[in-house]
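Peer 1: Structure here, sequence nowhere to be found:
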């Protein structure tokens with residue numbers, strides 16, 4: 001006799017509807033600080049699914065046109081701890097005139113714009129997952145969407161977020177190029193370093209003997225600076241060198257700026273000190289000087305493997321027959337900032353590729369599996385807490 005199993009939440013995810021929704025969202029031209037088009041869509045769509053909405057005023061700190069969005073769904077069982085799903089509403093570049101191309105199960109563009117799968121794919125998946133949960137009559141606790149703005153330039157919206165508006169304390173962020181099933185437990189500390197090198201400006205023909213090239217001072221220091229992969233936990237980079245006025249003028253100042261990322265705060269500080277000391281030594285040797293400014297970007301996070309977030313994600317992936325795997329990344333995401341501000345969360349993969357370029361793409365399989373895993377997470381979160 002054949003045993004009939006009740007459909008799971010993931011079974012109610014409509015693949016065609018999800019794909020159509022993703023393409024609709026991807027075509028919305030809403031780059032960083034200009035997310036209102038997406039926010040207006042969500043103001044119409046989410047209340048139809050039973051969400052109540054509230055915005056903060058983070059955008060007033062960086063001249064944006066809308067703040068972060070907090071969308072709350074009461075669920076069917078308020079005794080369950082609320083669970084949030086977060087992503088960002090902006091794209092790194094405009095998507096105006098986006099023309100999707102689907103070939104061999106992969107969604108691309110025609111090569112004239114980015115796709116915006118980073119991270120409209122997650123947003124579409126969250127909406128479809130809630131539709132599936134509701135249509136399937138799947139019992140669930142309260143669900144919150146925490147949707148940020150101005151993420152791409154450096155997690156800016158999350159940095160200025162009004163965290164008092166968040167009703168949940170635990171959640172997931174789908175925002176990584178790993179295939180669905182990737183569970184990122186660990187993220188880095190990241191800090192920028194700005195070094196203003198001062199020499200002495202002079203004209204090469206009129207008073208060259210008074211000149212002291214800031215560029216040559218900086219070059220001497222940079223030649224002795226450890227950069228790239230410092231060790232398996234630490235990366236360092238110089239990304240900006242800017243200075244000089246005219247080809248006939250020995251430059252009196254130059255800006256050298258870089259960034260350090262590390263899983264270890266101690267190693268991060270050691271590398272920053274090394275970069276400062278090397279450049280200062282070069283300046284002192286040549287009669288120049290260096291002014292250093294340190295700019296923290298975000299803090300690291302480290303979620304234990306035994307955390308209920310991890311166990312729920314592993315079981316939910318197994319439930320939809322996706323292989324899960326635990327990993328870490330030196331890339332940054334809103335996950336870093338949310339954890340720093342008391343919201344415990346981890347990053348999950350959704351499989352977008354070649355992001356921030358016109359070659360950006362995502363497979364239909366990963367897009368659909370993101371929706372299925374979101375639905376499975378909501379269902380499994382309920383099961384885990386109901387059985388306690």
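Peer 2: Received, thanks. Model, not experiment: these values are computed from the prediction.
Peer 1: where does the most centrally placed residue in the chain land on pLDDT?
Peer 2: With distances taken as C-alpha atoms, centre = their mean, the residue of the chain nearest its centroid is residue 333 (2.9 Å). pLDDT for residue 333: 95.
Peer 1: show me the contacts for the nearest residue to it once chain neighbours are set aside.
Peer 2: Among residues not flanking residue 333 along the chain, residue 175 sits closest, at 4.9 Å (C-beta to C-beta, 6 or more residues apart in numbering). The C-beta positions use only the backbone N, C-alpha and C, and glycine is treated the same way. Shown in contact with residue 175 (C-beta atoms under 8 Å, 6 or more residues apart in numbering): 87-88, 118-119, 122, 333-335, 347-348, 350.
Peer 1: How about residue 189?
Peer 2: 261-265, 268, 298-300.
Peer 1: Now it. Nearest residue, chain neighbours left out?
Peer 2: Here the residue nearest residue 189, using C-beta to C-beta, 6+ apart, is residue 300, at 4.2 Å.
Peer 1: shouldn't that neighbour be in contact with residue 184?
Peer 2: No. The criterion here is C-beta atoms under 8 Å, and residue 300 misses it with residue 184 at 11.8 Å.
Peer 1: residue boundaries of the helices in the chain?
Peer 2: Secondary structure of the chain (DSSP state H): helices at 15-26, 36-48, 117-135, 156-159, 214-223, 265-285, 308-319, 334-340, 364-386.
Peer 1: pLDDT on the longest one, on average?
Peer 2: Helix 364-386 comes out with an average pLDDT of 97.
Peer 1: how about that helix: buried residues?
Peer 2: By neighbour count on 16 or more other C-beta atoms under 10 Å, the buried set for helix 364-386 is 364, 366-382, 384-385.
Peer 1: if we can go back for a sec, dump the contacts of residue 189 into JSON lines; add pLDDT and distance to residue 33 as well.
Peer 2: Output for these, formatted as JSON lines (pLDDT from 0 to 100; distance: C-beta to C-beta, whole Å):
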{"residue": "261", "pLDDT": "98", "distance to residue 33": "25"}
{"residue": "262", "pLDDT": "98", "distance to residue 33": "29"}
{"residue": "263", "pLDDT": "97", "distance to residue 33": "31"}
{"residue": "264", "pLDDT": "97", "distance to residue 33": "33"}
{"residue": "265", "pLDDT": "97", "distance to residue 33": "30"}
{"residue": "268", "pLDDT": "98", "distance to residue 33": "29"}
{"residue": "298", "pLDDT": "95", "distance to residue 33": "19"}
{"residue": "299", "pLDDT": "96", "distance to residue 33": "24"}
{"residue": "300", "pLDDT": "97", "distance to residue 33": "26"}
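Peer 1: No further questions, thank you.
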